[in-house]
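*Asks:* Mind folding the following:
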Amino acid sequence: MITLQDAFKKFKSRLELNDKEQNNASKRQIEVREYLDTKFDIDRSFLTGSYARWTKTKPLKDVDIFFVLGDEEKHYRDKHPDAILTAFDDALVEKYGRSAVTKQSRSVGIDFGVVVDADDNTDYRVVSVDAVPAFVEGKNYVIPNNDTGKWMGTNPEIHADKATEAHQAYSNEWKGLVRMTKYWNQNARHGEKPIKPSFLIEVMAMQCLWGGWGGSFDREIQSFFATLRDRIHEDWPDPAGLGSPVSDRMNGAALTRAQSLLDAANRDIASAINLARSGRNGDALKTWRAFFGPKFPLS
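*Replies:* Numbering: from 1, shown residues only. A predicted model of the protein is given here:
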């Protein structure tokens, strides 16, 4: 039987991007870019967000593609941010169909109809991407924000640098712990994600995963989840110091629900740790698998 530490190492590996998935993500970026080039003046595009920071979990959904718009589209800056989102939405519906395209507060989502199996496998394919229209503003960017009705500053490069710093300060285990926590967050048994957006987990981890790597995955997860529960109600600003607070989607009802689910999570974690401590390794593995989902191995 696999040891608990080896199970966590295998779990961490399963959540990492592999070459096939990276190639498929790149192909999807090119596909969407080549089409949108026929509709808009686009200076450049690049894969960004948690995908680029290596904090994206499996299955690969909502992979962000930044589309930096050129001079011919600058008239959108004088309009409500919904105008560019609607324009992107209309254009993408022409290619992918209404049922596959969703206009969101800061991007337009495209679902490729990839089926996720019972083990959260997708045959190494990206399930969906989010097309993010953006403009350069100095050394940063602005993107639409329909939640506020304003353009919002952002800088993916700063986000990536801060994630790298956190990862290195945590003996290169930080990103793995973040991916595990995000995987728990999207566990189907929750229905709607307890913590939204998933980036909030990453932002909280920049402060809550502190003191250095202790060497035990289960204990690190226990400590992080306890802190998530205690601090989920706090305001968590954009790490780049530009955009709206990352926690602004967590209203009172969402916070109450998240705290309740995090309370249950902490009880589950304590149960799994106690099972392992009492020598019931097989039961501990099953408890962790029920907690995280099918990517956590039993052997």
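*Asks:* Ramachandran coordinates for Lys58?
*Replies:* Note on Lys58: backbone dihedrals following degrees, to the nearest 10 are phi -100, psi 160.
*Asks:* mind giving me the domain ranges of this protein?
*Replies:* If you go by automatic domain parsing, the domain ranges for the chain are 4-12+158-292, 17-154.
*Asks:* Kindly reformat those as a markdown table containing mean neighbour count.
*Replies:* All C-beta atoms are positioned from the backbone trio N, CA, C, and that covers glycine. A markdown table is the format used below for the domains of the chain (neighbours: other CB atoms under 10 Å):
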| stretch | mean neighbour count |
| --- | --- |
| domain 4-12+158-292 | 17 |
| domain 17-154 | 17 |
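*Asks:* Could you dump those domains into TSV with distance to Ser299 added?
*Replies:* Shown next, in TSV, are the domains of the chain (distance: least, CB to CB, whole Å):
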stretch	distance to Ser299
domain 4-12+158-292	8
domain 17-154	14
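*Asks:* closest one to Leu298 among the ones you listed?
*Replies:* domain 4-12+158-292 (5.2 Å; CB to CB).
*Asks:* Just the endpoints, please. Distance across that closest one?
*Replies:* 14 Å (CA to CA, to the nearest Å).
*Asks:* How about stretch 126-143?
*Replies:* So stretch 126-143: terminal residues 23 Å apart, CA to CA.
*Asks:* Give the rounded mean pLDDT of that stretch.
*Replies:* Averaged over stretch 126-143, pLDDT sits at 97.
*Asks:* what's the spacing between it and its chain's center?
*Replies:* Using CA atoms, centre = their mean, to the nearest Å, the distance from the centre of stretch 126-143 to the centre of the chain it belongs to is 15 Å.
*Asks:* Go ahead and flag the most central residue of the protein.
*Replies:* For the chain, the residue nearest the mean C-alpha position is Ser198 (4.4 Å; CA atoms, centre = their mean).
*Asks:* Can you name the residues that contact that residue?
*Replies:* With contact set as CB atoms under 8 Å, 6 or more residues apart in numbering, Ser198 has these partners: Ser50, Thr57, Lys182, Asn185, Gln186.
*Asks:* Dihedrals phi and psi, it?
*Replies:* According to degrees, to the nearest 10, Ser198 has phi -60, psi -30.
*Asks:* Show the model's pLDDT score for it.
*Replies:* pLDDT recorded at Ser198 is 94.
*Asks:* least trustworthy helix or strand in this protein by mean pLDDT?
*Replies:* Scoring the helices and strands of the chain by mean pLDDT, DSSP states H and E places helix 49-53 at the bottom, with a mean of 92.
*Asks:* Alpha carbons only: can I get that one in PDB?
*Replies:* Taking Å, rounded to 0.1, in the frame of the first residue of the first chain, the C-alpha atoms of helix 49-53 are listed here in PDB:
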ATOM      1  CA  GLY A  49      -3.600  33.700 -15.200                       C
ATOM      2  CA  SER A  50      -3.200  30.600 -13.100                       C
ATOM      3  CA  TYR A  51      -2.200  28.600 -16.200                       C
ATOM      4  CA  ALA A  52       0.900  30.800 -16.800                       C
ATOM      5  CA  ARG A  53       1.700  30.800 -13.000                       C
END
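*Asks:* Packing partners of it?
*Replies:* With contacts taken as 3 or more CB pairs under 8 Å, 6 or more residues apart in numbering; DSSP states H and E, helix 49-53 sits against strand 63-69, helix 156-169, helix 199-208.
*Asks:* Pretty sure Ile273 is one of the things Leu4 touches, is it not?
*Replies:* No: assessed by CB atoms under 8 Å, Leu4 is found out of contact with Ile273, at 9.2 Å.
*Asks:* okay, and the common contacts of the two?
*Replies:* Asp218, Ala284.
*Asks:* Need the three-state assignment for Val132.
*Replies:* strand (DSSP: H, G, I helix; E, B strand; the rest coil).
*Asks:* Now Val101: phi and psi?
*Replies:* Torsion angles at Val101 (phi, psi; degrees, to the nearest 10) stand at phi -120, psi 130.
*Asks:* Specify the beta-bridge partners of it.
*Replies:* When bridges are called by DSSP bridges, Val101 pairs up with Ile110.
*Asks:* per-residue confidence for it?
*Replies:* 98.
*Asks:* From Phe88, how far off is it?
*Replies:* Separation of Val101 from Phe88 (CB to CB, to the nearest Å): 9 Å.
*Asks:* Now the common contact residues for those two.
*Replies:* In contact with both Val101 and Phe88: Val108, using CB under 8 Å, 6+ apart.
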